[in-house]
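Participant: Sequence first, predicted coordinates after that:
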Amino acid sequence: MDLQAEEGLSTTSFPVLVATAVPVERDAVARALPGAAEEIRLPGGSVRRTAAGLDLLAAGVGPALAAATTAGALTAAALAGRPYRLVVSAGIGGGFLPGAPVGSLVVADAITAADLGAETADGFLPVTELGFGTITHRPPESLVRVVSEATGARTGTILTGSTVTGTADRAAVLRDRHPGALAEGMEGFGVAEAAAAHGVPVLEIRAVSNPVGPRDRAAWRIADALAALTEAFGKLAPALES
Ligand SMILES: O=C(O)c1cccc(C(=O)CC[C@H]2O[C@@H](n3cnc4c(=O)[nH]cnc43)[C@H](O)[C@@H]2O)c1
């Protein structure tokens, strides 16, 4: 169905775009939202429009694909005359212990690219120190507070990387560079870059499926984290609508 033809279906004319990485995360968010939903085709993907006024997008794994897909959805909505008023990057993620144990929820007060820069003989230099771009997007404080109060989410930096941390050494490096980090994912910064390009505020919410550290795939609690994501959006959707 054409996006423009869909005008007026939503409960709000300025809906919220929720970008997850994969369909199971999108479906976990959808389970929290009662009422009919409709699939809207876009170039490079599709958006699930819910009666709650949240459009759900499985934007892909990793910052580059997530940025490209999110930018496509933002552009399509703007061209259709119903631009999004907020973008939410949501999904499962790694949690830094002890601040963010498995099963907990984290909302970002800073969305930071952990590996965007250059290695030098003297260590890692972020792109900002090379004179380019940005490595951090800051969600509006008032919205972060709304999410935290509605869901009980812990507030801190969520790091974005193209590689899932898999060793204690790498986790220690990240802690050292980002003392405020509570969680790690692979999409938040990409989604935030797309939102910033459209002048739309962004949030990132991660349900913790595994600790950040030595890789132990068997210990990942993906089902529990997806359930936490559903519970969070059940509380969040009414708060975001208001
Ligand atoms: O290592 C594996 O065997 C493996 C199997 C299934 C999935 C993965 C992923 O890497 C999924 C990445 C996916 O989930 C988010 N995520 C979850 N935990 C973390 C983490 O500790 N660090 C970074 N990202 C994480 C991420 O946003 C991706 O969308 C691996």
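Facilitator: On my side now, so go ahead.
Participant: Gly190 and the ligand: what is the separation?
Facilitator: Noted for Gly190: a distance of 10 Å to the ligand, by CB to the nearest ligand atom, to the nearest Å. Any C-beta I mention is one placed from the backbone N, CA and C, and that applies to glycine too.
Participant: surely that residue meets Gly62?
Facilitator: Yes - using CB atoms under 8 Å, Gly190 is in contact with Gly62, at 7.3 Å.
Participant: Between these two, which is the more surrounded one?
Facilitator: Between Gly190 and Gly62, counted using other CB atoms under 10 Å, the more crowded position is Gly190 (29 against 16).
Participant: who's in contact with the more buried one?
Facilitator: If you count contacts by CB atoms under 8 Å, 6 or more residues apart in numbering, Gly190 has them with Gly62, Pro63, Ala64, Leu65, Ala66, Ala67, Ala68, Thr70, Thr160.
Participant: Identify all contacting residues around the longest helix along the chain.
Facilitator: Longest helix of the chain, by residue count under DSSP state H: helix 222-241. Contact partners of helix 222-241, identified using CB under 8 Å, 6+ apart, comprise 11-12, 16, 18, 24-25, 28-29, 31-33, 52-54, 86, 88, 90-93, 102-105, 146-147, 150-151, 153, 205, 207-209.
Participant: So Thr128 lies in a strand, does it not?
Facilitator: No - assigned with DSSP: H, G, I helix; E, B strand; the rest coil, Thr128 falls outside any strand and is helix.
Participant: pLDDT at the closest residue to it other than its chain neighbours, what is it?
Facilitator: Residue nearest to Thr128 in three dimensions, not counting chain neighbours: Ile135, with 5.5 Å by CB to CB, 6 or more residues apart in numbering. Ile135 is assigned a predicted lDDT (pLDDT) of 98.
Participant: tell me the phi and psi of Ile135?
Facilitator: Reported as degrees, to the nearest 10, the phi and psi values for Ile135 are phi -120, psi 0.
Participant: and it, what does it touch?
Facilitator: Going by CB under 8 Å, 6+ apart, Ile135 touches Thr112, Ala113, Leu116, Gly117, Pro126, Val127, Thr128, Phe189.
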